[in-house]
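[1] here is a sequence together with a model predicted from it:
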Amino acid sequence: EHHPDAAFSFTLDGTVLSVNEKGAEILGKTKEELIGHSLIDTIHADYQETVKGHFNNAKKGIFKHYELPFSNLGNEFYYLGVTHVPIKVDGEVIGVYAIARDITENKINQEQIQYMAFHDHLTHLANRIRFEEVLQKAIEDDRLHDKKFALLFMDLNNFKDVNDDYGHAFGDKLLAQVARRIASMVKKDDCAARLGGDEFTILIDDLDSYDDAMRWASQLLNKLNKPYLIDGEEIVCTPSVGFAYYPKDGDSVENLLNKADAAMYKNKRHSKAM
């Protein structure tokens with residue numbers, strides 16, 4: 001009754017026989033409301049089959065720990081670590097115990113650590129590690145399905161001047177605004193990243209033609225060429241961009257990044273010479 005984890009006992013058909021205080025608290029109901037009823041309808045539809053499978057396995061003597069996201073009627077959210085154990089009398093399974101531990105805090109901490117490991121803390125875009133993973137997966141997937149994608153590499157032409165004139169805190173705010181404009185253009189299956197400094201990369205996946213990437217980049221540049229308002233100052237900080245195309249320009253992460261980087265610097269030198 002006073003166990004710190006939620007504890008339940010069930011009949012073989014899933015009806016609640018008993019529940020402790022912690023179990024009632026997590027489910028957001030009283031014991032009286034729970035006993036004599038099934039809990040399956042309190043579980044999100046996406047996870048009901050998973051729970052049923054573990055419950056039925058426990059009746060067969062097969063049981064293992066699993067994690068379950070759960071929201072109760074009071075809209076309180078939990079991550080639960082659940083274990084089902086068969087109740088045996090004289091060698092016969094007559095019911096099932098369930099122990100559910102609240103692992104919400106640990107799970108959220110793990111997700112935050114995972115997020116921080118693969119995202120840039122300033123812009124919240126993907127970082128280099130994550131982007132290279134996504135790029136590698138795109139290469140593998142598109143090779144199998146005979147598709148193509150574009151890699152855009154960009155930096156900001158006068159970012160050093162902005163830092164020198166206004167300070168690094170101002171420059172960080174500019175990078176954050178640039179990232180928000182990029183993110184507003186990126187589709188679900190694409191990926192944008194900050195590699196470091198003022199360098200950004202964007203994967204434009206599943207292209208019908210390379211012209212699609214150019215049209216998309218033109219829309220992005222129109223957005224990025226508009227002035228930024230930061231701390232009452234209006235500034236313009238235009239980007240230089242370069243492209244690499246898969247499979248035309250390479251079939252590895254390193255080759256594609258190098259090709260796009262070289263194309264960007266070629267375009268930058270060309271624009272300065274004009």
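    Happy to help now that I have it.
[2] elements contacting the one helix or strand Ala58 maps to?
    Using DSSP states H and E, Ala58 sits within helix 45-59. When contacts are defined as 3 or more C-beta pairs under 8 Å, 6 or more residues apart in numbering; DSSP states H and E, helix 45-59 sits against strand 66-71, strand 77-89, strand 92-102. (Glycine included, C-beta is placed from N, CA and C.)
[3] and those strands as JSON lines, adding mean neighbour count and distance to Asp165?
    Listed next are the helices and strands packed on helix 45-59 as JSON lines, based on neighbours: other C-beta atoms under 10 Å; distance: least, C-beta to C-beta, whole Å:
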{"stretch": "strand 66-71", "mean neighbour count": "15", "distance to Asp165": "48"}
{"stretch": "strand 77-89", "mean neighbour count": "16", "distance to Asp165": "46"}
{"stretch": "strand 92-102", "mean neighbour count": "18", "distance to Asp165": "52"}
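[4] which of those strands sits closest to Lys160?
    strand 77-89 (45.1 Å; C-beta to C-beta).
[5] so the closest one versus strand 92-102, what angle?
    Strand 77-89 runs at 160 degrees relative to strand 92-102, counting by axes from the mean of the first three to the mean of the last three C-alpha atoms, to 10 degrees.
[6] could you check the angle helix 45-59 makes with strand 77-89?
    Counting by the same axes, to 10 degrees, strand 77-89 lies at 20 degrees to helix 45-59.
[7] can you list the strands that strand 77-89 pairs with?
    Its sheet considered, strand 77-89 pairs with strand 66-71 (antiparallel), strand 92-102 (antiparallel) by DSSP bridges.
[8] returning to that earlier point: of all the helices and strands packed on helix 45-59, which lies closest to Met116?
    Between Met116 and the helices and strands packed on helix 45-59, the tightest spacing by C-beta to C-beta is seen for strand 77-89, at 18.6 Å.
[9] how's the chain carved up into domains?
    As assigned by the TED database, the chain contains the domains 6-108, 118-272.
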